[in-house]
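Participant: Could you look at this predicted model? Sequence included:
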Amino acid sequence: MSRHKFLASFSHALAGIVYAFISERNMRIHGLAAIIVVSMGCILHLQRLEWGLLFLTIFMVLVAETINTAVEINIDLITEDYHPLARLAKNLAAGAVLLTAINALIMAIIIFGPYFLP
């Protein structure tokens with residue numbers, strides 16, 4: 001892959017991430033939550049493994065939300081009419097985000113719990 005193609009691919013990917021943050025309220029909520037937990041991690045001086053788990057969890061949620069946005073856009077592009085399979089696809093993508101968000105909550109309890117509980 002030439003350097004120009006690589007930079008173009010990187011630019012397109014970055015544009016997709018920016019679009020998700022600009023257009024999707026839930027992406028901004030996840031981003032704000034990420035800023036809050038990273039700030040808490042700095043205050044509590046997390047260990048290296050805790051940081052790794054924290055960032056893995058944060059990025060899982062952001063990736064799931066980005067894929068959910070892509071699924072929704074593709075379905076809206078294909079049909080404007082109601083179709084039960086279109087609804088199911090959107091619900092499944094949203095369910096994936098919900099699962100990663102639940103995982104993030106569990107990870108927050110595991111990582112931050114010992115710092116707050118005796």
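Facilitator: Structure's in. What do you need?

Participant: CA only for contacts and neighbour counts going forward, please
Facilitator: Noted.

Participant: Excluding covalently adjacent residues, which one is nearest to Ile111?
Facilitator: Nearest residue to Ile111, sequence neighbours excluded (CA to CA, 6 or more residues apart in numbering): Glu50, at 6.3 Å.

Participant: and the helix or strand containing that neighbour, how far from the chain's centre?
Facilitator: Element membership of Glu50, judged by DSSP states H and E, is helix 48-78. Distance of helix 48-78 from the chain centroid (CA atoms, centre = their mean, to the nearest Å) equals 3 Å.

Participant: Tell me which helix or strand comes right after that helix.
Facilitator: Using DSSP H and E, the helix or strand that follows helix 48-78 in sequence is helix 84-116.

Participant: List the buried residues in that next one.
Facilitator: By neighbour count with 16 or more other CA atoms under 10 Å, helix 84-116 contains the buried residues 86, 90, 93-94, 96-97, 100-101, 103-104, 107-108, 111-112.

Participant: what packs against that helix?
Facilitator: helix 48-78 (3 or more CA pairs under 8 Å, 6 or more residues apart in numbering; DSSP states H and E).
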